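K.L.:
sequence and predicted structure are below.
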Amino acid sequence: MEQLRIPANIEQLGAVMEFVDEVLERGDCPLEIRTLIDVAVEEIFVNIASYAYTSDEGVAELNAGFEGEPRRAVITFKDSGVPYDPLEKPDPDISLSAEERSVGGLGIFLVKQIMDKVGYRYENGQNILTLEKRLSV
């Protein structure tokens, strides 16, 4: 796994995306899969940058690489911000119109639809969110 530690602010999104894309490219991840992973990574990092810390002093750690057979990309996000499990929130009712739905929740819902596995745990004072995506379509 390769690691990136970076300030958890929105200005770092480009560096986060570049890091993940470089790891995925070196691992011969197909473009179609890489594009889906990019959507999920952007959503998760933006949430960390926007909500994890009450001040501008936070750090996000990303670990990215490949595991197993069938081979899958694994990206783990860690932050020491406010404990929050985004998977606890019920999925939005997408059959309702935008006006009828409550605000929020679509991003993590999209991440859960895109990725093969999304896991969360709180350990040693850190939020740890893991994304997994098989490389075969």
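P.N.:
Ah, there it is. Numbers count the residues shown, from 1 in each chain.

K.L.:
could you name the helices and strands sitting against the helix or strand of the chain with the lowest mean pLDDT?
P.N.:
Least confident element among the helices and strands of the chain, by mean pLDDT, DSSP states H and E: helix 106-114 (a mean of 89). When contacts are defined as 3 or more CB pairs under 8 Å, 6 or more residues apart in numbering; DSSP states H and E, helix 106-114 sits against helix 31-47. Where C-beta positions appear, they are placed from N, C-alpha and C, glycine not excepted.

K.L.:
after the helix it packs on comes which helix or strand?
P.N.:
strand 59-67 (DSSP states H and E).

K.L.:
give me the mean pLDDT for the very next helix or strand once past that next one.
P.N.:
Remark: after strand 59-67, the chain's next helix or strand is strand 72-79, criterion DSSP H and E. The average of the pLDDT scores along strand 72-79 is 98.

K.L.:
quick revisit: I'd like the mean pLDDT over the very next helix or strand once past the least confident helix or strand of the chain, please.
P.N.:
Counting by DSSP H and E, the element after helix 106-114 in chain order, helix or strand, is strand 117-123. Strand 117-123 comes out with an average pLDDT of 98.

K.L.:
tell me which residues in strand 117-123 are buried?
P.N.:
Of the residues in strand 117-123, residue 118 count as buried by neighbour count, 16 or more other CB atoms under 10 Å.

K.L.:
in the chain, what spans have low per-residue confidence?
P.N.:
Within the chain, the segments meeting pLDDT under 70 span 90-106, 137.

K.L.:
switch to 50 and redo it
P.N.:
Filtered on pLDDT under 50, the chain yields the residue ranges 101.

K.L.:
contacting residues around the residue lying closest to residue 37 once chain neighbours are set aside?
P.N.:
Nearest residue to residue 37 in three dimensions, chain neighbours excluded: residue 133, at 5.5 Å (CB to CB, 6 or more residues apart in numbering). Contact analysis of residue 133 by CB atoms under 8 Å, 6 or more residues apart in numbering lists 33, 36-37, 40, 72-73, 114-116.
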